[in-house]
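> fold the following for me, if possible:
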Amino acid sequence: MFEHLERLPEDPILGLSAACKADSNPDKIDLTVGVYKDESGLTPVFEAVKLAQEALTHDEITKAYIAQAGDPDFNRGIQELLLGADNPALVDGRVSSVQTPGGCGGLRIAAELIKAANPAAKVWVSSPTWPNHIPLISSVGLEITEHRYYNPESHTVDFEGMIADLGNAAAGDVLLLHGCCHNPCGADLNQEQWQAVAELCAERGLIPFIDIAYQGLGAGLEEDAQGLRKMVAAVPEVVIASSCSKNMGLYRERTGATVFIGRDADNADIVKTQGMKAARKIYSMPPAHGAILAGRVLTDDKLGQLWRTELAAMCDRLNGVRGLLDEKLSEATGKDFSFIRHENGLFSFLGLSKEQVDRLREEFSIYMVGSSRVNVASVNDANVDYLAAAVAKVL
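Next up, the predicted model:
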């Protein structure tokens with residue numbers, strides 16, 4: 001049976017990262033994979049998570065399955081983190097959620113739900129979007145349609161083009177939105193634009209599907225959720241995929257959720273049963289460890305405050321690196337890179353051609369994907385001058 005299969009190429013991002021690891025150049029820089037790194041290049045474990053893990057190791061008495069919907073503390077904590085504890089949708093019982101294996105699991109469960117509710121729905125995604133969005137969502141048989149979003153010339157959101165394209169969306173179609181820290185471009189909707197999109201969804205009967213994988217790494221936990229909350233206030237039905245990989249450092253623990261906002265409490269509960277059914281046929285039962293850790297952090301005042309302090313420091317570092325990268329690149333090249341400091345999260349496009357990206361890799365051992373998307377968290381005081389000088393040479 002297997003003799004007819006063909007070898008597939010490596011993942012374009014993971015393959016580049018592997019090539020960088022094998023590179024013997026001591027000055028090499030890996031700007032590919034989207035994980036947070038500190039000044040020393042380490043992806044750290046949060047102290048709050050360590051403390052939660054120590055307590056769990058002491059307290060845990062069984063490895064039996066947890067509830068099919070997931071850890072209750074985690075589910076409630078994620079709902080309140082995204083929406084705010086006093087959100088009317090929460091107060092009215094219109095919110096339910098299913099714990100999932102990471103944000104990818106959250107996206108897949110959401111796609112299963114959409115397919116069950118409306119098989120004919122088109123899912124509108126930004127151009128560009130995170131490359132894994134398309135295979136994850138289309139894998140259930142949903143049709144994907146792109147709308148304009150990012151203008152590479154101005155390094156800004158093409159909001160007029162986005163709204164014009166969405167004028168072709170039909171009632172019942174789904175609009176996938178990045179909640180904050182857009183991957184791959186880093187250019188986010190401002191609050192006025194969020195409000196306009198929310199009103200458009202309400203008027204045209206579009207279902208918002210919000211992927212929020214970086215809450216807390218843009219402007220702050222509350223600030224990064226404002227667009228999402230505007231949408232929930234304006235539209236009766238919303239689907240959200242959330243991840244704890246970045247903002248709690250639980251990458252390998254695969255901790256995420258699909259959150260549903262229904263028209264009323266009964267509808268929210270019905271949708272939750274559909275989410276659990278979808279989970280049952282894909283992976284059966286949710287993984288426990290990461291969600292229990294996250295649940296403890298989210299529901300314990302002391303751990304929660306420590307985590308928020310640590311996350312705020314990460315956010316400050318990212319924004320500081322953006323300013324530093326702008327300064328060094330602009331100085332070395334004589335060109336304007338100020339757009340970098342006005343974007344959010346881990347990613348930005350440098351605006352280089354594929355040929356220039358190839359030269360950076362071949363001549364300077366600087367690795368980034370062909371679109372010139374870089375993980376700004378991989379930049380630090382020790383490598384920024386080398387990076388800026390190399391970019392100046394290929395330009």
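
> helices along the stretch 51-200 of the chain, start to end?
72-83, 88-91, 102-117, 133-138, 159-166, 191-204 (DSSP state H, counting those that start in this stretch).

> make JSON lines out of those and add mean pLDDT.
Rendered in JSON lines, the data for the helices of the stretch 51-200 of the chain read as follows (pLDDT from 0 to 100):
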{"stretch": "helix 72-83", "mean pLDDT": "98"}
{"stretch": "helix 88-91", "mean pLDDT": "97"}
{"stretch": "helix 102-117", "mean pLDDT": "97"}
{"stretch": "helix 133-138", "mean pLDDT": "96"}
{"stretch": "helix 159-166", "mean pLDDT": "98"}
{"stretch": "helix 191-204", "mean pLDDT": "98"}
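
> right, and the ones you listed - which one's nearest Gly370?
When those are ranked by proximity to Gly370, the top entry is helix 133-138, at 17.1 Å, counting by C-beta to C-beta. C-beta: built from backbone N, CA, C; applies to glycine.

> list the contacts of stretch 105-117.
Outside of stretch 105-117, the residues that reach it under the criterion C-beta atoms under 8 Å, 6 or more residues apart in numbering are 98, 100, 121, 123, 133, 136-137, 139-142, 174, 207, 209, 211, 239-243, 254, 256-258, 260, 271, 274-275, 278-279, 282-283.

> buried ones in that stretch?
Neighbour counts using 16 or more other C-beta atoms under 10 Å place Gly105, Gly106, Leu107, Arg108, Ile109, Ala110, Ala111, Glu112, Leu113, Ile114, Lys115 of stretch 105-117 among the buried residues.

> of the residues you listed, closest to Gly334?
Scanning the buried residues of stretch 105-117 for proximity to Gly334, where the rule is C-beta to C-beta, the winner is Leu107, at 41.5 Å.

> and the nearest residue to Glu146 once chain neighbours are set aside, what are its bridge partners?
If the residues on either side of it in the chain are set aside, Glu146 comes closest to Ser127, at 4.3 Å by C-beta to C-beta, 6 or more residues apart in numbering. Bridge pairing for Ser127 (DSSP bridges) gives the partners Arg148.

> got the contact list for Ser127?
For Ser127, the contacting residues are Glu146, His147, Arg148, Tyr149, Tyr150, taking C-beta under 8 Å, 6+ apart as the criterion.

> dump those residues to CSV, plus distance to Glu310.
Formatted as CSV, the contacts of Ser127 follow (distance: C-beta to C-beta, whole Å):
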residue, distance to Glu310
Glu146, 37
His147, 36
Arg148, 37
Tyr149, 32
Tyr150, 31
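
> now which of those would you call buried?
Of all those considered here, the ones buried according to neighbour count by 16+ other C-beta under 10 Å are His147, Arg148, Tyr149, Tyr150.

> leaving out the residues flanking it, which one is nearest to the first one?
Setting aside the residues directly before and after it, His147 is nearest to Asp165 in space (C-beta to C-beta, 6+ apart), at 3.7 Å.

> and for the last one?
In space, not counting the residues next to it along the chain, Tyr150 is nearest to Cys185; the distance is 4.6 Å by C-beta to C-beta, 6+ apart.

> I'd assumed Asn344 was in contact with the one you found.
No: using C-beta atoms under 8 Å, Cys185 is not in contact with Asn344; the gap is 10.0 Å.

> shared neighbours of these two, which are they?
Between them, Cys185 and Asn344 share no neighbouring residue, with contact defined by C-beta under 8 Å, 6+ apart.

> more crowded one of those two?
The residue with the greater number of neighbours, taking Cys185 and Asn344 and applying other C-beta atoms under 10 Å, is Cys185; the counts read 27 against 24.

> for Ser348, see how far away the more buried one is.
As defined by C-beta to C-beta, to the nearest Å, Cys185 lies at a distance of 7 Å from Ser348.

> if we can go back for a sec, as TSV, the contacts of Ser127 with distance to Arg359 and pLDDT would be great.
Formatted as TSV, those follow (distance: C-beta to C-beta, whole Å; pLDDT from 0 to 100):
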residue	distance to Arg359	pLDDT
Glu146	30	98
His147	33	98
Arg148	30	98
Tyr149	28	98
Tyr150	24	98
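
> for Val45, state which of the residues you listed is nearest.
Among the contacts of Ser127, Tyr150 lies closest to Val45 (C-beta to C-beta), at 33.3 Å.

> may I ask you to confirm that the closest one is in contact with Ala187?
Yes: with contact defined as C-beta under 8 Å, Tyr150 counts as touching Ala187 (5.8 Å).
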